[in-house]
Structures are given as C-alpha cells and as structure tokens.
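Asks: sequence plus the predicted model coming up.
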Amino acid sequence: MAADLLRFAGRFLRHPMQVGAVAPSSRYLARAMVEGLEVGPGQAVVEFGPGTGAFTEAIRTRLGQSARYLGVERDGAFAAMLRRRFAGLQFVEDSAEQAPRLVREAGLGPVAAIICGLPFASLPPRVQDGVIAAVDALLGPGGEFRTFQYAHAWPLPTAVRYRRRMAAILGPPHRRGPIWRNLPPAFVLAWRKPGRSSAVDRSPPPVA
C-alpha cells in the first residue's frame with residue numbers, strides 16, 4: 001500500500017540502521033517466507049521485526065485466526081500501527097534479543113517457527129549475536145527459523161558473518177530465490193533445528 005511505503009520510507013530516513021530497507025517487503029516475498037510453514041496445536045509463531053506487517057499478514061493467512069503469535073517490534077510507531085491493523089494478534093515493543101523472556105511473559109507454548117524481518121546485514125556484530133542466541137534459546141528440536149537477505153547485500157562482510165554464525169549452530173541454510181518481485185530482490189533462508197524431518201524447501205545451500 002502507498003501509505004505503508006511512505007511510512008516505511010520515513011522511518012528508514014530517521015532510523016536507517018534500525019529499519020534497514022527503503023520499502024516494505026512485497027507480498028511475493030511474504031508468501032515465500034511462509035510457504036509450507038507448519039505449526040501444530042498449542043505451538044506458537046514468533047515474528048522478529050514485523051515492520052508494517054507484510055509477513056504478519058501472510059502468517060495470519062497461512063495459519064488462520066487461531067494462530068498463537070507474538071510479534072516483537074522495536075520501533076514504537078510500527079508497533080502501534082500493527083496493534084491497530086492486527087487486532088487479534090499480540091505485539092510487544094522490544095528487541096528481538098529479549099524474545100525468550102517476552103515469550104515466557106506472554107505465556108506462549110513451544111515455538112514452532114520464528115519468522116524474521118530484521119536487516120542482519122546492517123546490524124552490528126553484538127546485536128547479531130544477541131538475536132542468534134535468542135533464536136537458539138527459543139527453538140526446540142524441529143523448530144524452524146526463516147529470514148531473508150537482499151541479493152545485493154549477500155556478499156557483504158556482515159551478511160557473510162551472520163550466515164556463518166547461524167551455520168555454526170544450525171548448519172547451512174536452505175535457500176530459495178532470489179525473489180525478483182521484491183524491492184530489492186531477496187533470498188529466503190531457512191534453518192531447522194535437528195530433531196525431525198523438515199518440510200522446508202530443499203534447494204541447494206549457498207556457499208557463504
């Protein structure tokens with residue numbers, strides 16, 4: 001939507017390291033992020049950095065109104081807008097690094113999946129490591145983590161560092177894309193903690 005584009009661009013201009021993109025993710029990227037996502041009864045989905053809600057809408061469409069969901073959004077303006085737009089879902093204004101505590105406080109059950117819209121290529125190493133630690137703490141065996149990286153940022157040292165740190169914990173990612181109908185084009189990356197068979201796309205993993 002045009003309003004989301006203007007809102008997103010404005011937040012980017014004020015907080016470029018926090019927002020990390022000039023436009024919201026497209027519905028094509030959002031669909032790719034949730035394709036094949038499976039969440040069992042009593043399990044929860046946690047979203048890091050929902051922004052204007054592109055992935056949130058896709059999660060709700062995929063899982064239905066009964067989904068147990070928690071969105072962790074650091075930007076107060078985005079968090080307020082998300083609460084208005086998705087009245088049946090729960091959002092907290094905080095950092096993804098605090099997600100294990102936030103999930104406990106929300107009284108959610110086991111986390112089946114984490115969908116992440118954070119701009120890892122623009123995050124400092126300390127923040128990257130904090131978010132990775134939160135992912136590791138939240139996911140049990142079979143839990144899945146999905147994020148994306150812009151194609152143009154793929155070779156950046158911060159992006160390479162992030163993939164290597166994740167691979168050290170969860171192994172190499174399964175990559176899909178690039179999703180060309182997104183601004184900019186982006187790859188979808190998925191990791192699953194060992195413990196059960198995976199339903200994610202099994203395209204060849206990239207060379208980090």
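Replies: Okay, I see it. Numbering: from 1, shown residues only.

Asks: okay, buried residues for the longest strand along the chain please.
Replies: When the chain is parsed with DSSP state E, its longest strand is strand 139-150. By neighbour count on 16 or more other C-beta atoms under 10 Å, the buried set for strand 139-150 is 139, 142-150. For the C-beta atoms, the positions are set from N, CA and C on the backbone; glycine is no exception.

Asks: before we move on, what about stretch 44-56?
Replies: So, applying 16+ other C-beta under 10 Å, buried residues of stretch 44-56: 44-56.

Asks: those residues: which two are farthest apart?
Replies: The distance between the two most remote of these (C-beta to C-beta) is 21.8 Å, for 44 and 52.

Asks: just to revisit the earlier point, dump the buried residues of strand 139-150 to TSV, plus pLDDT and distance to residue 175.
Replies: Below are the buried residues of strand 139-150 laid out as TSV (pLDDT from 0 to 100; distance: C-beta to C-beta, whole Å):
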residue	pLDDT	distance to residue 175
139	96	19
142	93	20
143	95	19
144	96	14
145	98	13
146	98	11
147	97	11
148	96	10
149	95	9
150	95	13
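
Asks: spatially nearest residue to residue 158 (excluding sequence neighbours)?
Replies: Spatial nearest neighbour of residue 158, excluding adjacent residues (C-beta to C-beta, 6 or more residues apart in numbering): residue 121 at 5.1 Å.

Asks: show the contacting residues for that neighbour.
Replies: 20, 149-150, 153, 156, 158-159, 162 (C-beta atoms under 8 Å, 6 or more residues apart in numbering).

Asks: please report the distance of it from residue 189.
Replies: Distance, residue 121 to residue 189, using C-beta to C-beta, to the nearest Å: 12 Å.

Asks: now for the two: what residues contact both?
Replies: Common contacts of residue 121 and residue 189, defined by C-beta under 8 Å, 6+ apart, comprise residue 149.

Asks: can you give me the strands in this protein?
Replies: 44-48, 68-73, 90-93, 111-116, 139-150, 174-179, 186-192.

Asks: tell me the confidence at residue 67?
Replies: pLDDT for residue 67: 74.

Asks: what is the burial count for the residue nearest to residue 170 when sequence neighbours are not counted?
Replies: Distance criterion C-beta to C-beta, 6+ apart; nearest residue to residue 170, sequence neighbours excluded, is residue 191 at 4.1 Å. Using other C-beta atoms under 10 Å, residue 191 has 23 neighbouring residues.
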